[in-house]
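Novice: sequence and computational prediction follow.
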Amino acid sequence: MPTILIALGANLGDLGETLTQAVDQIASDPDFTLEARSELLVTKPVGGPSGQPDYLNSAAKFATSLSPDEVHQKLIEVEQSHGRVRIQRWGARKLDLDLLLYDRQTIKTPQLTIPHPRMSFRRFVMQPAAEVAGEMLHPELDTTIGELWQHLCTAPPIIEIAALPGPAVSQLLAAVEMELSDPKYSFANELLLYSRSKNDLVTSLTELTSQQATHRSLPPGCTAGVVPWWFGIAEVLGGTTANTLLATPPARLTVYWNRPEETYGPVEAGWWTPEERNGLQARLAEAVRRRVHAPRLWLEGNDVASAVTELTAAIQAMQG
């Protein structure tokens with residue numbers, strides 16, 4: 001039977017009892033066989049409205065005879081049996097059940113995305129997941145859950161932004177810096193490059209890759225840095241193939257952002273035609289997929305406001 005990995009969380013009511021009962025409910029169904037359940041982990045809320053109480057999180061691994069859609073429906077039923085009402089995104093809840101993995105399947109439908117798109121960088125998900133399913137493979141990253149958890153614990157505390165340069169990227173970084181309002185985070189905001197031509201842009205980016213900012217050294221007192229994916233962007237814009245990009249140690253988190261049309265303006269129009277830009281965007285996506293087998297966040301068409309929300313929450317979840 002297929003093996004599945006489920007994340008559990010709650011921050012309202014009797015948290016420990018709720019998570020224990022939820023696992024027991026699923027295990028009592030003859031279509032499921034419980035293989036392992038993690039210890040309970042207390043975590044701070046990430047994203048959503050302020051003032052929420054702490055969460056209790058855990059993970060469980062099952063074998064099942066059900067299809068992914070049937071498992072998803074079962075989890076919804078268990079949530080509802082505990083009074084879960086979906087009103088506000090990332091808001092307080094009595095029970096949250098997420099299907100993280102279904103064997104090595106990759107599924108994207110309006111109702112269900114597997115692997116869970118935000119699991120790889122969330123410490124509150126990955127720590128209990130690694131406890132019970134360290135050997136399971138994340139099929140998009142081609143990396144095991146245990147390896148991803150080790151990466152979150154040991155990789156340089158750097159978040160790299162893989163996006164085509166332009167004013168909107170600087171707006172994103174400035175807005176996230178304001179949202180976090182914490183001096184322990186360092187932001188490199190040099191993506192706002194007013195080069196007159198695409199050749200000048202490539203030259204500027206190439207020079208930036210040799211500067212000290214790209215060496216991932218953090219200013220004194222900072223515990224994490226947010227920087228552009230310098231090497232990848234420079235090489236993609238310079239016309240080399242994705243698999244020849246300069247090998248650098250992977251960041252703790254890589255964020256790919258395919259910016260929507262309205263985020264491009266006169267600055268970028270001086271660099272690329274729309275057709276050229278679309279081709280570069282495709283090459284950048286390919287480069288990230290080929291090179292980044294560590295935690296990553298994929299933002300496809302998010303406007304600046306939405307990207308700010310996603311990136312802010314991702315940084316907080318990565319730090320734990």
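Specialist: Good, I have the coordinates.
Novice: and the strands in the stretch 1-150 of the chain?
Specialist: Using DSSP state E, counting those that start in this stretch, the strands found in the stretch 1-150 of the chain span residues 3-10, 32-37, 41-43, 55-64, 96-102, 107-108, 113-114, 137-138, 143-144.
Novice: try the stretch 201-320 of the chain
Specialist: 224-228, 253-258, 296-300.
Novice: residue 31 is nearest to which of those?
Specialist: Taking C-beta to C-beta, strand 296-300 is the member of the strands of the stretch 201-320 of the chain nearest to residue 31, at 31.3 Å. In this view, the C-beta of every residue, glycine as well, is placed from N, C-alpha and C.
Novice: which secondary structure elements does that closest one contact?
Specialist: Helices and strands touching strand 296-300, by 3 or more C-beta pairs under 8 Å, 6 or more residues apart in numbering; DSSP states H and E, are strand 253-258, helix 304-319.
Novice: adding distance to residue 217, mean pLDDT and mean neighbour count, write those out as TSV.
Specialist: Conversion of the helices and strands packed on strand 296-300 to TSV gives the following (distance: least, C-beta to C-beta, whole Å; pLDDT from 0 to 100; neighbours: other C-beta atoms under 10 Å):
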stretch	distance to residue 217	mean pLDDT	mean neighbour count
strand 253-258	18	97	23
helix 304-319	18	94	20
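Novice: can you tell me which of these is nearest to residue 96?
Specialist: The nearest among the helices and strands packed on strand 296-300, by C-beta to C-beta, is helix 304-319 at 13.9 Å.
Novice: ok so, going back, output the helices and strands packed on strand 296-300 as CSV; include the columns distance to residue 84.
Specialist: Formatted as CSV, the helices and strands packed on strand 296-300 follow (distance: least, C-beta to C-beta, whole Å):
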stretch, distance to residue 84
strand 253-258, 29
helix 304-319, 20
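Novice: of all the ones you listed, which one is nearest residue 141?
Specialist: Per C-beta to C-beta, nearest to residue 141 of these: strand 253-258, 10.5 Å.
Novice: so in that sheet, which strands flank that closest one, and in what orientation?
Specialist: Sheet pairing of strand 253-258 (DSSP bridges) gives strand 158-162 (parallel), strand 296-300 (parallel).
Novice: between the strands of the stretch 201-320 of the chain, which one is nearest to residue 144?
Specialist: Of all the strands of the stretch 201-320 of the chain, strand 296-300 sits nearest to residue 144, with 15.5 Å by C-beta to C-beta.
Novice: so which of the strands of the stretch 201-320 of the chain is nearest residue 206?
Specialist: strand 224-228 (12.8 Å).
Novice: ok, that closest one: who's next to it in the sheet?
Specialist: Strand 224-228 pairs in its sheet with strand 158-162 (parallel), strand 185-187 (parallel), by DSSP bridges.
Novice: picking up where we left off before, mind telling me which of the strands paired with strand 253-258 the model trusts least?
Specialist: When the strands paired with strand 253-258 are compared on mean pLDDT, strand 158-162 scores lowest, with a mean of 93.
Novice: from the chain's centre, how far out does that strand sit?
Specialist: Relative to the chain's own centre, strand 158-162 is displaced by 11 Å; criterion: C-alpha atoms, centre = their mean, to the nearest Å.
Novice: now that strand: buried residues?
Specialist: Buried positions in strand 158-162, judged by neighbour count with 16 or more other C-beta atoms under 10 Å: 158-162.
Novice: any idea how far apart the tips of stretch 259-273 sit?
Specialist: This stretch, stretch 259-273, spans 15 Å end to end (C-alpha to C-alpha, to the nearest Å).
Novice: now the angle from the worst-scoring helix or strand of the chain on mean pLDDT to strand 224-228?
Specialist: Of all helical and strand segments in the chain, the minimum by mean pLDDT, DSSP states H and E falls on helix 198-209, at a mean of 76. Our comparison of helix 198-209 with strand 224-228, counting by axes from the mean of the first three to the mean of the last three C-alpha atoms, to 10 degrees, yields an angle of 160 degrees.
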